[in-house]
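Participant: kindly generate the corresponding structure for this input.
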Amino acid sequence: MSSAPRAYFRPIPQPEGGRWRLAGGWTGFTLLERLERGRTPQVVDRAPDAVIAALTAPRQPLLGLTMARPQLMGIVNATPDSFSDGGRYDPVAQARRLIADGADLLDIGGESTRPGAAEIAVPEEIARIRPVIAAVRGALPLSIDTRKAAVAEAALEAGAGMVNDVSGLDFDPTLAGLVAARGVPLCVMHAQGLPETMQDDPRYGDVLLDVYDALEARVARAEAAGIPRAAILVDPGIGFGKTEAHNLAILRRISLYHGLGCPILLGVSRKRFIGRIGGAEAPEARMPGTLALTVAAAAQGVQIHRVHDVAPHAQALRLIAALNETKEAEA
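Facilitator: Just a heads-up that it's a prediction; the model follows:
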């Protein structure tokens with residue numbers, strides 16, 4: 001006897017009002033989409049109490065940053081081979097530039113995870129990231145972008161306060177224990193495969209729901225290791241083992257992932273599909289497309305936006321905040 005298909009509930013954000021507040025933030029919702037594999041989405045006005053509780057519970061501050069407004073994570077690639085800007089700047093100077101441009105936190109990485117990238121040795125990765133962290137520690141919160149416990153440990157010792165693992169705890173089985181022992185936040189991302197091969201014909205049954213299930217399993221794994229859910233972020237991993245159609249399917253309904261009860265971190269900045277759709281061949285020319293997706297994701301309640309171009313995104317989010325404040329004042 002087969003069991004009934006699992007139902008998932010995606011809050012449909014509305015810019016004004018709403019019966020509930022989404023994740024205790026700036027967006028409301030009254031209606032939801034009921035999603036099931038193999039069935040047409042159905043708009044409903046109710047969901048199980050546990051689902052509503054997960055969707056509405058205010059997210060706890062992370063690294064002193066409120067999750068009640070969008071936050072900008074500036075990207076610092078201390079790598080010679082990142083897809084967008086590898087080797088094009090001094091990473092310390094770039095970190096300081098992003099701070100001046102209005103970043104709320106920085107994500108510092110020493111190993112490229114672009115499609116086709118090969119793994120590098122731990123000592124080399126540490127040598128790349130440690131000087132950057134040392135140069136800007138204390139200026140604002142810092143995250144280390146790594147899959148490796150040894151690199152994370154060195155970064156935390158140098159002054160980082162969070163770990164951003166693009167493998168979602170799949171690469172290094174000791175990373176979760178380190179994060180739990182250090183009591184720092186962890187972002188678990190979804191990726192299908194390793195960077196070397198992840199874009200070789202990725203396939204899903206239902207990408208939106210498959211990624212939800214995978215992230216749910218990663219969150220459970222982190223909790224089992226002793227990391228509290230309040231300290232876990234989720235990232236659907238745009239471009240990591242996903243086609244353009246997969247990326248767009250996730251972005252259209254990204255508010256689904258609030259059901260995991262964690263803040264959402266989104267990294268779409270300058271990615272190849274933005275250039276293809278928007279007609280921008282060079283990665284550095286993809287800022288307008290990135291900004292459009294960031295604004296759309298912020299409208300769906302996404303809390304942290306990982307971007308290369310901080311200044312224009314900071315300006316856009318200030319305008320969105322001003323509009324929301326005006327509506328509240330006129331209410």
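
Participant: in contact with the closest residue in space to Lys148 that isn't next to it in sequence, which residues?
Facilitator: Spatial nearest neighbour of Lys148, chain neighbours left out: Asp172 (5.2 Å); criterion: Cβ to Cβ, 6 or more residues apart in numbering. C-beta coordinates here come from the backbone N, C-alpha and C atoms, glycine included. Going by Cβ atoms under 8 Å, 6 or more residues apart in numbering, Asp172 touches 147-149.

Participant: just the buried ones from the residues you listed?
Facilitator: 147-149 (16 or more other Cβ atoms under 10 Å).

Participant: okay, these in JSON lines with distance to Pro288 next?
Facilitator: Listed next are these as JSON lines, based on distance: Cβ to Cβ, whole Å:
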{"residue": "Arg147", "distance to Pro288": "31"}
{"residue": "Lys148", "distance to Pro288": "35"}
{"residue": "Ala149", "distance to Pro288": "38"}
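
Participant: from these, pick the one nearest Pro202.
Facilitator: Nearest to Pro202 among these, counting by Cβ to Cβ, is Arg147 at 18.6 Å.

Participant: which ones are touching the closest one?
Facilitator: By Cβ under 8 Å, 6+ apart, the contact list for Arg147 reads 111, 113, 165-167, 171-172, 175.

Participant: buried stuff in stretch 148-166?
Facilitator: Buried residues in stretch 148-166, counted by 16+ other Cβ under 10 Å: 148-156, 158-166.

Participant: so how far does it reach from one end to the other?
Facilitator: From its first residue to its last, stretch 148-166 covers 10 Å (Cα to Cα, to the nearest Å).

Participant: distance between that stretch and the chain's centre?
Facilitator: The chain centre lies 17 Å from the centre of stretch 148-166; the measure is Cα atoms, centre = their mean, to the nearest Å.

Participant: cool, and stretch 114-131?
Facilitator: Taking Cα atoms, centre = their mean, one finds the center of stretch 114-131 at 21 Å from the center of the full chain.

Participant: buried stuff in that stretch?
Facilitator: By 16+ other Cβ under 10 Å, the buried positions in stretch 114-131 come out as 114-115, 117, 120, 122, 125-126, 128-130.

Participant: for Val76, state which of these is nearest.
Facilitator: Closest approach to Val76 among the buried residues of stretch 114-131 (Cβ to Cβ): Ile129, at 8.7 Å.

Participant: let's verify that closest one: helix, strand, or coil?
Facilitator: helix (DSSP: H, G, I helix; E, B strand; the rest coil).

Participant: next one: it relative to Ala160, how far apart?
Facilitator: Distance from Ile129 to Ala160, counting by Cβ to Cβ, to the nearest Å: 8 Å.

Participant: what touches both of those two?
Facilitator: The contact sets of Ile129 and Ala160 overlap at 108, 144 (Cβ under 8 Å, 6+ apart).

Participant: re the thing from before, tell me which element the residue nearest to Lys148 falls in.
Facilitator: In this structure, Asp172 is located outside every helix and strand according to DSSP states H and E.

Participant: that one and Glu281: what is the separation?
Facilitator: Counting by Cβ to Cβ, the gap from Asp172 to Glu281 is 35 Å.

Participant: over to Gly275?
Facilitator: Gly275 is 6 Å from Glu281, where distance means Cβ to Cβ.

Participant: compare those two (neighbour count), which wins?
Facilitator: Each of Gly275 and Glu281 has its neighbours counted (other Cβ atoms under 10 Å); Gly275 has more, 17 against 10.

Participant: what's the closest non-adjacent residue to the more buried one?
Facilitator: Nearest to Gly275 is Arg286, by Cβ to Cβ, 6+ apart, at 5.0 Å.

Participant: and the pLDDT at the spatially closest residue to Pro91 that is not a sequence neighbour?
Facilitator: Closest residue to Pro91 apart from its sequence neighbours, by Cβ to Cβ, 6+ apart: Ala78 at 4.0 Å. With respect to pLDDT, Ala78 scores 91.

Participant: still on that earlier bit, let's have the buried residues of stretch 114-131 in JSON lines, adding pLDDT and distance to Ala95.
Facilitator: Below are these laid out as JSON lines (pLDDT from 0 to 100; distance: Cβ to Cβ, whole Å):
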{"residue": "Arg114", "pLDDT": "70", "distance to Ala95": "20"}
{"residue": "Pro115", "pLDDT": "68", "distance to Ala95": "25"}
{"residue": "Ala117", "pLDDT": "68", "distance to Ala95": "21"}
{"residue": "Ile120", "pLDDT": "89", "distance to Ala95": "20"}
{"residue": "Val122", "pLDDT": "95", "distance to Ala95": "22"}
{"residue": "Glu125", "pLDDT": "95", "distance to Ala95": "17"}
{"residue": "Ile126", "pLDDT": "96", "distance to Ala95": "17"}
{"residue": "Arg128", "pLDDT": "94", "distance to Ala95": "13"}
{"residue": "Ile129", "pLDDT": "95", "distance to Ala95": "11"}
{"residue": "Arg130", "pLDDT": "95", "distance to Ala95": "13"}
